[in-house]
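Novice: Here's my sequence, what's the structure:
(3 chains)
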Amino acid sequence: MIDLSAVHIDYQTVLPELVVTGTIVVVLLLDLVVPPDRRRWLAVVSVVGLAIALIASIPLWGQHRSAFADTMAGDSFAAFFNVLLLAVTILTVLISPRYLRCVHLDFGEYYALVLSAAAGMMLLAAATSLMTIFLGIELLSLALYVLCSFSRLQEHSQESGLKYLLLGGFATGFLLYGMALIYGATGSTTLLGIRAFVTSSPGTNVLLLLGIGFLSVGLAFKASAAPFHMWTPDVYEGAPTIVTTFMSVATKAAAFAAVGRIFVATLPSLEAQWYVPLALIAVLSMSIGNVVAITQSNLKRLLAYSGIAHAGFIFLGILPGTTDGLAASLFYIAAYAAMNFGAFAVVTALDAKGEHADELTYWTGLFYRRPFLATTMTIFMLSLAGIPPTVGFFAKLFVFQALVTAHLWIPLIVGILTTVISLYYYLRVIVVMVTVPEGAPVEREGVGLPMTVVVGLSALGTTVMGLVPQVFGWALQATRF
Amino acid sequence: MSTSQLALLILIFPAAGALLLAGRGWRLPRIVTKLVGPGVVWASFVVTLTLFFNNASGDFTYWTWIQSGSFNVPFNILIDNLSIFMCLVITGVGGLIVTYAVGYMDKEDGPSYARFFTYMDVFVFSMLLLVLAGNFVFLIVGWALVGLSSYFLIGFWYHRRSAVLAARKAFVMNVIGDVGMILGTFVVFVSYHATTYRAVFKALPANDTSSLELAAFLLLVGAIAKSAQIPLHTWLPDAMEGPTPVSALIHAATMVTAGVYLVGRMHPIYDIAVYAHGAVAIVGAVTALFAATIAIVQTDIKRVLAYSTMSQIGYMFLAVGIGAYSAGFFHLLSHAFFKALLFMAAGNVIHAMNDEQDMRKYGGLLKQLPRTSWSFLIGSLSLVGVIPFVGFFSKEQILGAAFSKPDASLALAVWAFGFITALVTGFYTGRMWWMSFAGKPSPERPVEHPHEAPSVMLVPVFILAALATIGGFIQTRALGFGPHMVDDFLKSAVGAQSWEGGASEVIASLVTMALAAVLFLAAYRIYIQHAWKPWSAVVPWAQRLLERKYYFDELYDAIIVRPMDGLARGGLRYVEDPIIGGIVTGTGDLAEAESHNLSLTETGYFRNYVLVFVAGAVVVAILILARAGS
Amino acid sequence: MIPAYAYLWLSGILFTIGAVGVLIRRNPLVMFMCIELMLNAVNLSFAAFSRYLNSLDGVAFAFLVITVAAAEVVVGIAIIVQVYRAGRAMDVDELDLMKE
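Specialist: Okay, the predicted model is just below:
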């Protein structure tokens, strides 16, 4: 029997999540009293709440706390992801009001949903038990299902929400079945307990392995890794662009936080068993993502396939099963967050006015119409392609280096070759932007200060993050569980 | 200012220029672009000169990458005589070319004009980073950036389909080289646990090892791709689609010589890895002859120059491949002079001929464009290797070194290649010069009374013509006496040549020169006086073989391009389309009929997603259990 | 007493039935019900393991799953009704607005 009185609740560990959850309630209540034309204040309140949560996350750095009977951890790993996820959420909320007004979606519950998705992601990053992992995934998924179908009048949006929901529920089934099998095999739901079981009884355990397999399927789905990626292009294309911006970065980061905790922190001793399926997922993601992206003419779909490919690259760092490899993945996630968020933010900025801004033809000559957006987009594309000296190059370098150290040659070679392939479609976007159209009008209409700042910050992060050595140091520190 | 700050300044100038032009260039007045574009390159040149006269050297670390285990990457700049030498070539010759481009590109409108100089400055920055980097990681950074800016510059006239295709071809070939470089660096890192040159060279084993050979061969792949050597050479002739200043800067003077620099920089590795080192010489020798023969049948003046560039870089590879490093770098310098001269003079001709590049449609330009014609002749004689032009001294030093290398049958074999190449070079250069400038104007000439180029385009040509005329006297080793300034300067960086030539070497040189000059004149008899039957009439099959460039493009098309194309199409058609693309056009009816039956294999659009998901889950489960048994 | 593995087999069979249902049915509502069947199959596993291992974690997990599944139904039904209201047929095969 669980003796509840013995459950120690460490409030510092859960403080960031608590602050965000509290902000959800505040925003929902405020929505009742704020007049429709003042809805931007909801964004301000959300940003304040998120900023407080971000500040509350920093003291967790370097600690080894846990809460709720080892189901949540307050450690550097959680702090790293909290800061990353909260920063992404803050940037998303900052550019939301203008976009939502432009596409007539200015509803208060949007902010509550974004916040709850963020809370779910943070929970996932801090979760050290199968239960909290499940809870985190569901919290973020439920909010995202609604956000994807948020545009009530747009059939694309509806369809994307429904697809995400059905496939997401299906994936949850596999995830849960995997969890049940792991529980049955080890008798524990906490990662600590599972780790203890795995190290003390090294023999082959079919139930456990099958459980790990299903669990990785569920997580790979959330990370949109092949072959569980099929929903990604449709959902990214159909969902409101701002939602795509948010989920493409944050969901992936949170999913990989769980992958890191489970495979590297808990099950490194079974690396020989899980290496082959995970390597297959990584190799398939890189190949399918990068090859199919070439044929895409819709920028949101192109970025969706690029995201699938990047999920594969992030998986590469997991493969060695070492914390150093995981650190490379963490660095990759941070880099991916900066560059991919930036790229989607530029799409969002254009989408706020044009009907088909996500079609590549719309981008012809963008450099002469919107030099700032086009220049930053160029930086993001170069970084996504992995061209030095952007952060994307160093992210790939660190991941490849982890593979070299572990002598995992096949994933390495696939990684390098698919990187080469990917250059083609990223550069195509740049070429389209510098192409001078016939009589290009210069657009004087701005995209708003928040958007300029957010895109500028992302571009700055993309250029500078690779050159500042501390960032990789943080990633290394964060993986010292 | 300290040396370390000056060294950084070399990089900062072009970077700042590129940023300024990229950000504001097309909105600022045109004069700003005209000043900033070349100005920053000259600024770097002045800084480099300062370092040169101060005899500066050192390995400066500006900041350190994180120490991840043994993976330690500093950002360090290596200043030694080799990097200063390369910087002088890049910024000096580069400055002249970018200045020339101010005139050449004047037809472009504002945005394109600024875009061009942005790319040029980015290129100069990348090239400088490549030669200044003190470790493998930043070497790769510069290496990749050089390829990228070259991609943009070749495809500068993006509305020409051929330019875009050429840019893509160059990029793909270059990336193949990049992959080789990266893998080579990985091998170096795994073997010696270091990324800086200093640490790696210190950790090298005394004797040859297989991993060292592997690293050297992989690095050689990078060098071959960047320097357009066989078999990764097919991009260079196509790259002539770019504007002529680009051809002069990138595809003659600087980028394509990066491979030579790489081998020189890595000489501690190649000195030990003898097989890879031998491969360098063989690749160079074969390319030299191969490219020179193709040049005989080309009719596009820039393509002749492109093949001649490949051929001359082959000489440089040959030199560094047999260990005559400073001879190779002397030829690099001399080639930068005369080939940039030839390209820019050719640019003047093309400019005057309304962008016509076919030599058969020129003829008789000597009287109408005298200054350009005489400059072109100086470049040509330098290329042929006639005393006293710079090309004679550098080329004959290489051939002499190969001829006189003791106990080396390989060196003698490559000398034979080099010797024949020199003769062929005399012939095709003669053909080019006589066809373009001598004789009567061609009836097909697009411009009846051409005008000389403006002075901004002539002055750089004259300066280079002067350098090509007197530049050789800094090192007259090929004659067996006189100064050897380049050798002395580079001795500290690449070591001295370990053997000395004798009198026979000088005689061989003079014989080579005489025969090449005779062939140069023979071209006049054939192509202008039509006194002799053209050789192509004697052996038509050889003419065809050369015109098809030994069928390399066709070969690659058959063994790489078409299978890859088929694979991609097939993948899309049979794998992605049915699953991701859903119902393909034309199969709508079929899909409709199928959607009514509930068979598992022919499900509808969305349910295919579920099917793939389940299949994936089953595969994962099988794989994880399969490992359990073992 | 019924042995533990019997429950596990039953759970596995139910899970498979649910998965096959998602695979072959076209009505989103029915697909959703099939997903619920999969979740409940998992719940059965949890309960069986909990009993077999003599630990309460599994039961607690099952309750958690039931709660979350309820929330998922709320969101799911809302979205399905939205799509239905938009005049689309109740057939996932017609969700084909986005394709390349």
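
Novice: So which residues of the stretch 51-200 of chain B form strands?
Specialist: Counting by DSSP state E, counting those that start in this stretch, residue ranges of the strands within the stretch 51-200 of chain B are B:58-68, B:71-79.

Novice: Which one of the ones you listed has the poorest average confidence?
Specialist: Mean pLDDT values for the strands of the stretch 51-200 of chain B show the minimum at strand B:58-68, a mean of 73.

Novice: Show me the strands in chain A, by range?
Specialist: Counting by DSSP state E, one finds strands in chain A at the ranges A:64-67, A:72-75.

Novice: Now do the last one: everything it contacts.
Specialist: Residues outside strand A:72-75 that contact it (Cβ atoms under 8 Å, 6 or more residues apart in numbering or on different chains) are A:10, A:12-14, A:60, A:63-67, A:78, A:123, A:126-129, A:132, A:481. Every C-beta, even on glycine, is put in place using the N, C-alpha and C of the backbone.

Novice: Show me those that map onto helices.
Specialist: A:12, A:13, A:14, A:78, A:123, A:126, A:132 (DSSP state H).

Novice: The second one is in contact with residue A:66, isn't it?
Specialist: In other words, residue A:13. Yes: the pair formed by residue A:13 and residue A:66 meets the contact definition of Cβ atoms under 8 Å, at 6.7 Å.

Novice: What ranges does chain C have for its helices?
Specialist: Under DSSP H, chain C gives helices at C:4-24, C:28-53, C:57-85.

Novice: do the second one and chain A meet?
Specialist: Yes: using Cβ under 8 Å from any Cβ of the partner chain, helix C:28-53 comes into contact with chain A via C:28, C:31-32, C:35, C:38-39, C:41-42, C:45-46, C:48-49, C:52-53.

Novice: Would you check that residue A:338 makes contact with residue A:455?
Specialist: No: using Cβ under 8 Å, residue A:338 makes no contact with residue A:455, being 11.1 Å away.

Novice: More neighbours: those two, which one.
Specialist: Between residue A:338 and residue A:455, residue A:338 has the larger neighbour count (other Cβ atoms under 10 Å in any protein chain shown), namely 31 against 27.

Novice: pLDDT weak spots in the stretch 351-500 of chain B?
Specialist: Counting by pLDDT under 70, the stretch 351-500 of chain B contains no low-confidence range.

Novice: one step back: now the residues of helix C:28-53 next to chain A in CSV, with pLDDT, neighbour count and distance to residue A:401?
Specialist: Formatted as CSV, these follow (pLDDT from 0 to 100; neighbours: other Cβ atoms under 10 Å in any protein chain shown; distance: Cβ to Cβ, whole Å):
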residue, pLDDT, neighbour count, distance to residue A:401
C:28, 85, 24, 46
C:31, 88, 28, 44
C:32, 88, 23, 45
C:35, 92, 27, 42
C:38, 93, 25, 41
C:39, 93, 21, 42
C:41, 94, 24, 44
C:42, 94, 29, 40
C:45, 92, 27, 41
C:46, 93, 27, 42
C:48, 91, 22, 46
C:49, 91, 27, 42
C:52, 88, 16, 46
C:53, 88, 17, 43
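
Novice: Now for the residues you listed: which two are most distant?
Specialist: Using Cβ to Cβ, the two most remote members of the residues of helix C:28-53 next to chain A are C:28 and C:53, lying 37.0 Å apart.

Novice: Look up the pLDDT of the closest residue to residue C:17 other than its chain neighbours for me, please.
Specialist: Spatially, and ignoring its direct neighbours in sequence, residue C:17 is nearest to residue C:37 (6.5 Å; Cβ to Cβ, 6 or more residues apart in numbering or on different chains). Here, the pLDDT recorded for residue C:37 equals 93.

Novice: So what's the residue count around residue C:37?
Specialist: What residue C:37 shows, counting by other Cβ under 10 Å, is a neighbour count of 19.

Novice: which ones are touching it?
Specialist: C:14, C:15, C:17, C:18, C:21.

Novice: Name the residues of the stretch 201-350 of chain A found near chain C, please.
Specialist: A:233, A:234, A:237, A:238, A:295, A:296, A:297, A:298, A:301.

Novice: swap the cut-off to 10 Å and go again
Specialist: Residues of the stretch 201-350 of chain A found near chain C (Cβ under 10 Å from any Cβ of the partner chain) are A:207, A:214, A:233-238, A:292, A:295-298, A:300-302, A:305.

Novice: For the nearest residue to residue A:348 once chain neighbours are set aside, the count of nearby residues, please.
Specialist: Leaving out its chain neighbours, the residue that sits closest to residue A:348 by Cβ to Cβ, 6+ apart is residue A:241, at 4.6 Å. Applying other Cβ under 10 Å, we find 23 residues neighbouring residue A:241.

Novice: residue contacts, residue A:241?
Specialist: Neighbouring residues of residue A:241 by Cβ atoms under 10 Å, 6 or more residues apart in numbering or on different chains: A:99, A:103, A:299-300, A:344-345, A:347-352, A:357-358.

Novice: need those in CSV with pLDDT and neighbour count, can you?
Specialist: Formatted as CSV, the contacts of residue A:241 follow (pLDDT from 0 to 100; neighbours: other Cβ atoms under 10 Å in any protein chain shown):
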residue, pLDDT, neighbour count
A:99, 89, 26
A:103, 85, 18
A:299, 90, 26
A:300, 89, 24
A:344, 93, 28
A:345, 93, 30
A:347, 91, 21
A:348, 90, 30
A:349, 89, 27
A:350, 87, 22
A:351, 82, 24
A:352, 76, 20
A:357, 78, 18
A:358, 80, 23
